[in-house]
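J.: sequence first, predicted coordinates after that:
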Amino acid sequence: MCDWKKQVGKVSDREIARQFGVGATTVRRYRKSLGIAAWSPPVEPPPAELEPLLGIHTDHKLSRLLNYPKKHIKQVRESKRIREPVRERGGNYRELAVVWTEETLALLGTMPDTDVAAVLGTTQFPVRKKRYALGIPAYKAPMPEITPEIEALFGKVSDAKIAKSLGVSANFIRKKRLKRQRC
């Protein structure tokens, strides 16, 4: 019997695969064929300060505050039959009737939706919805022109370096390089 088969169920399938150079799928299938449950790490008991905060904060916020896994907080909440509080809207929300004026509508499509939302003090979703409703196309950042000087760098300098110098993605440069090679 191989050494890795002795470890099944005692450590994770991935760890066995890593240590012994066996595929994780092979380990999992072997474990399941023997009816051995998957290994799971021991769960730390919940912090003492968790229970009084369950009705006040969301699972996500408690996880960040207490540095305790969110899924375990959810399990504690469900076992105590305490509902997760409804999230309040963040400080960046404003009533949309106040937001849409002639000046603010003029911003749509002139910059990314997230930037418009930041200017208006709201989220990007109502901005996008309004832009769609008005038939305004999304903002498209101007792309640099590929000059003969830049074209001369193709094949000599990496696409990533050229892209960084121009402030664009390496994929943009790659596409332009391949297009020039085809011509």
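T.: Yep, that arrived.
J.: Leu120 against Thr104, yeah?
T.: Yes - under the criterion of CB atoms under 8 Å, Leu120 makes contact with Thr104 at 5.8 Å. Using the backbone N, CA and C atoms, a C-beta is placed for each residue, glycine as well.
J.: which one's more surrounded, the two?
T.: Leu120 (20 against 16; other CB atoms under 10 Å).
J.: for Gly109, give me the pLDDT.
T.: For Gly109, the pLDDT comes out at 90.
J.: revised request: answer the last question for Gly155.
T.: With respect to pLDDT, Gly155 scores 83.
J.: now Ala97
T.: Reported pLDDT at Ala97 in the predicted model: 59.
J.: list the contacts for Asp159?
T.: By CB atoms under 8 Å, 6 or more residues apart in numbering, the contact list for Asp159 reads 170, 173-174, 177.
J.: give me the buried positions along the helix ranked longest in the chain.
T.: Criterion DSSP state H: the longest helix present in the chain is helix 170-182. Residues 172-173, 176-177 are the ones in helix 170-182 that count as buried (16 or more other CB atoms under 10 Å).
J.: ok, now stretch 12-27?
T.: Neighbour-count burial for stretch 12-27 [16+ other CB under 10 Å]: 12-13, 16-17, 22, 27.
J.: compute the first-to-last residue distance for it.
T.: Distance across stretch 12-27, first residue to last, is 9 Å (CA to CA, to the nearest Å).
J.: stretch 56-72 now?
T.: End-to-end distance for stretch 56-72, by CA to CA: 17 Å.
J.: what mean pLDDT does it get?
T.: Throughout stretch 56-72, pLDDT has a mean value of 86.
J.: CSV for the contacts of Asp159, including pLDDT?
T.: CSV is the format used below for those (pLDDT from 0 to 100):
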residue, pLDDT
Ala170, 87
Ile173, 88
Arg174, 89
Arg177, 86
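J.: so which of these comes closest to Pro46?
T.: Closest approach between these and Pro46, by CB to CB: Ala170, at 45.5 Å.
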